[in-house]
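Asker: pasting the sequence and the predicted coordinates here, then a few questions.
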Amino acid sequence: MNKEDLNRALVSLIEKKQELHKLSYDDTRYDDVEEELHELEDSFNEEYGAYLEEMLEKVHEKLCPDTDVLLPTAYLPNDIGGDTGYVPSHKEGVWVDSDEFPGKEARLVLVPNPTRLILSVGKTVRKEVWKA
């Protein structure tokens, strides 16, 4: 697994999500950009899905065993902020039922630069739980 290629693919995918989210549904480019995003997601899952799903299964088993593992692309944020070390909003990623933080809204989000999985709980807790 080439970490740099994974990171580049992740950045490209999130940038395409950003592009789509900036368009209104009535924009003539919306359908084309949405189709490009779906193609990128399919390619990303085909290329990196097995590797990332194995990692996600281990993280879920440790942190949130009662929450199902989804496709890696479900864990992506809508924005990367363009910064190295970007920390996503607490509203990004997949909601999980965390054993460490019972009764609190917890989410797992897969971010680039460097590629890592972050557990966020509310507005204050951000915890790196995996790094490529």
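Answerer: Perfect, thanks for sending it. Numbering: from 1, shown residues only.
Asker: which element, helix or strand, includes residue 6?
Answerer: Here residue 6 sits within helix 3-22, counting by DSSP states H and E.
Asker: what's that helix in contact with?
Answerer: With Cβ atoms under 8 Å, 6 or more residues apart in numbering as the test, helix 3-22 has contacts from 30, 33-34, 36-37, 40-41, 43-44, 47-48, 51, 73, 76-80, 110-115, 132. Glycine gets a C-beta too; all of them are placed from N, C-alpha and C.
Asker: just the buried members of those residues?
Answerer: Neighbour counting over the contacts of helix 3-22 (16 or more other Cβ atoms under 10 Å) leaves 33, 37, 40-41, 44, 48, 73, 76-77, 79-80, 110-112, 115, 132 as the buried ones.
Asker: wasn't residue 109 part of a helix?
Answerer: No - Residue 109 is assigned strand when assessed by DSSP: H, G, I helix; E, B strand; the rest coil, not a helix.
Asker: measure it to residue 16 for me?
Answerer: 17 Å (Cβ to Cβ, to the nearest Å).
Asker: can you check residue 63 too?
Answerer: For residue 63 relative to residue 16 (Cβ to Cβ), the value is 29 Å.
Asker: what about these two, which has more around it?
Answerer: The residue with more neighbours, out of residue 63 and residue 16 and counting by other Cβ atoms under 10 Å, is residue 63; that gives 21 against 18.
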